[in-house]
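Q: next one to model:
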Amino acid sequence: MNAELTIDYLRQAFEHYNNLIFDGKLPVPKLKWSRAKTRLGQMACKRKMSWGRTKFYDFSISVSNYYKLTTEQIDDVLIHEMIHYSIAYTGLKDTSSHGIVFRGMMDKINRTFGRHITISVRTRNLQPRTAQQPKDYLILALKMKDGKHFLSSVNPSAASKLAISLARTQEIAHYAWYQSQDEYFHSMPRVRSLRGRQVSKEVYTTMIEKMKLLR
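A: Model (predicted):
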């Protein structure tokens, strides 16, 4: 089951778990959805020193709607952040961000209410809520006189500059420009200078056969 991703849903879920788990003691903070890719939730607040003590205020909780999560998963993320909120709001001292106090509260909530709250979630294992459009990569394929092969993902704005460098580099036996949408190039930085990833002859041949040659 998937939740309808509205602020009203977050507010209703917050109030439900506040009453169920936290005895209704937490004031409603600023609640918002985010498009974060690296973290599913975040509790933020401001702080100031008063009479030698740190006072926290202006609390907010955000939950990412970037990934395809079930209602249960979204609620677990929200409760995770509510634990952070409860610790800060009540002035409890913890050993770290996810220290003894946090883990104790998390484990008790999981046991008592059948939740599956965790310290962290590997977002690489999650699917985006909406399909990602394939990216176009400008690829420079280089064959060197010493037999080495290189592939570079080039920033398009630097193509003219690299063309000048190519004409001056005597070690190059052959080069060509290609266009590709292959995810193979996703992890490559888009370079602005004459550098790239050395690959085997087999990988080089396989990749250029799949790419569109630019004239």
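
Q: what's the helix or strand for the residue nearest to residue 88 when sequence neighbours are not counted?
A: Among residues not flanking residue 88 along the chain, residue 56 sits closest, at 4.6 Å (C-beta to C-beta, 6 or more residues apart in numbering). To be clear about C-beta, it is placed using only N, CA and C from the backbone, and glycine gets the same treatment. If you go by DSSP states H and E, residue 56 is part of strand 53-64.

Q: who's in contact with that strand?
A: 10, 14, 27, 29-37, 39-49, 74, 77-78, 81-82, 85, 88-89, 91 (C-beta atoms under 8 Å, 6 or more residues apart in numbering).

Q: compute the inter-axis angle for the helix or strand encompassing residue 13 and strand 53-64.
A: Element membership for residue 13, per DSSP H and E: helix 7-21. Going by axes from the mean of the first three to the mean of the last three C-alpha atoms, to 10 degrees, helix 7-21 is angled at 130 degrees with respect to strand 53-64.

Q: for residue 95, give me phi and psi.
A: phi -80, psi -20 (degrees, to the nearest 10).

Q: pretty sure it contacts residue 103?
A: No: counting by C-beta atoms under 8 Å, residue 95 stays clear of residue 103, with 9.3 Å between them.

Q: just want to know which of the two has more residues nearby.
A: The neighbour comparison of residue 95 against residue 103 (other C-beta atoms under 10 Å) goes to residue 103, with 15 against 10.

Q: pull the contacting residues for the more buried one.
A: Counting by C-beta under 8 Å, 6+ apart, residue 103 makes contact with residue 119.

Q: distance of it relative to residue 41?
A: Distance from residue 103 to residue 41, counting by C-beta to C-beta, to the nearest Å: 17 Å.

Q: related to what we said a few turns ago, out of the contacts of strand 53-64, which end up buried?
A: Buried by 16 or more other C-beta atoms under 10 Å: 10, 14, 29, 31, 33, 36, 40-43, 45, 74, 77-78, 81-82, 85, 88-89, out of these.

Q: among the residues you listed, name the ones in strands.
A: 31, 33, 41, 42, 43, 45 (DSSP state E).

Q: between which two of those is the distance greatest?
A: 33 and 45 (18.4 Å; C-beta to C-beta).

Q: quick one: low-confidence ranges for this structure?
A: Low-confidence segments of the chain (pLDDT under 70): 1-4, 131-132, 215.
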